[in-house]
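Colleague: got a structure for you, letters missing:
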């Protein structure tokens, strides 16, 4: 636990030291070189920034595979100090011995790769842009058609409800002959009344 804590502290100190001495300090002196228009200082700090960019790129991978190495973060701080020191001139040494000859020999190939990457990225951007526009247009057309269909269906349901209401309120009573069953029912109900009147008349004649 103590080893992990010291390693974490070393990493924090290393990141802060690199921020101050590896970035802010050279940035300020680069500003002074540009302001004073001193070509010598300008070239010096340009060489430093090229080496520092390569160091940051390599650091992305070394932090993954070499972080367990003893004094790894302390060595990075020492390396940045070596690059910046006016006595060692580490950045100028690395640039003149390794970076400049390598870039000079591979410059044409690097330029061709950058041009191809630029063209491919532009073509890919145009392709995906057209594809995105087509998808958006299709979605808009589908949404519009669905909305129009739902609106027409709703209007149709409203019209059917209105017609039903009008028919229920203003429909006249049915006229015409009564149904066949009604006459029979009335005949059946009327027959007992006639027999009762006949019996009453017979009884009155008998008493007379």
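Modeller: All right, it came through fine. These numbers come from a predicted model, not from an experiment.

Colleague: When you work out contacts or count neighbours from here on, use the C-alpha atoms and nothing else.
Modeller: Noted.

Colleague: show me where pLDDT drops low in the chain?
Modeller: Across the chain, the stretches falling below the confidence threshold (pLDDT under 70) are 1-15, 147-208.

Colleague: Do a quick rundown of the helices in it.
Modeller: Shown for the chain, the helices assigned by DSSP state H span residues 2-19, 25-36, 39-65, 72-84, 90-94, 100-170, 180-207.

Colleague: what about residue 27, how many residues close to it?
Modeller: 15 (other C-alpha atoms under 10 Å).

Colleague: how much space between it and residue 82?
Modeller: Residue 27 sits 17 Å away from residue 82 when distances are taken as C-alpha to C-alpha, to the nearest Å.

Colleague: Please apply the same query to residue 46.
Modeller: If you go by C-alpha to C-alpha, the gap between residue 46 and residue 82 works out to 16 Å.

Colleague: and what of residue 145?
Modeller: Using C-alpha to C-alpha, we find residue 145 at a distance of 70 Å from residue 82.

Colleague: Look at the two and report which has more neighbours.
Modeller: Per other C-alpha under 10 Å, whichever of residue 145 and residue 82 has more neighbours is residue 82, with 15 against 12.

Colleague: so what's the more buried one up against?
Modeller: Contacts for residue 82 were tallied using C-alpha atoms under 8 Å, 6 or more residues apart in numbering; they are 88-91.

Colleague: Counting neighbours, what do you get for residue 91?
Modeller: 24.

Colleague: Hmm, I typed the wrong one, I wanted residue 26.
Modeller: For residue 26, the count of nearby residues is 17 (other C-alpha under 10 Å).
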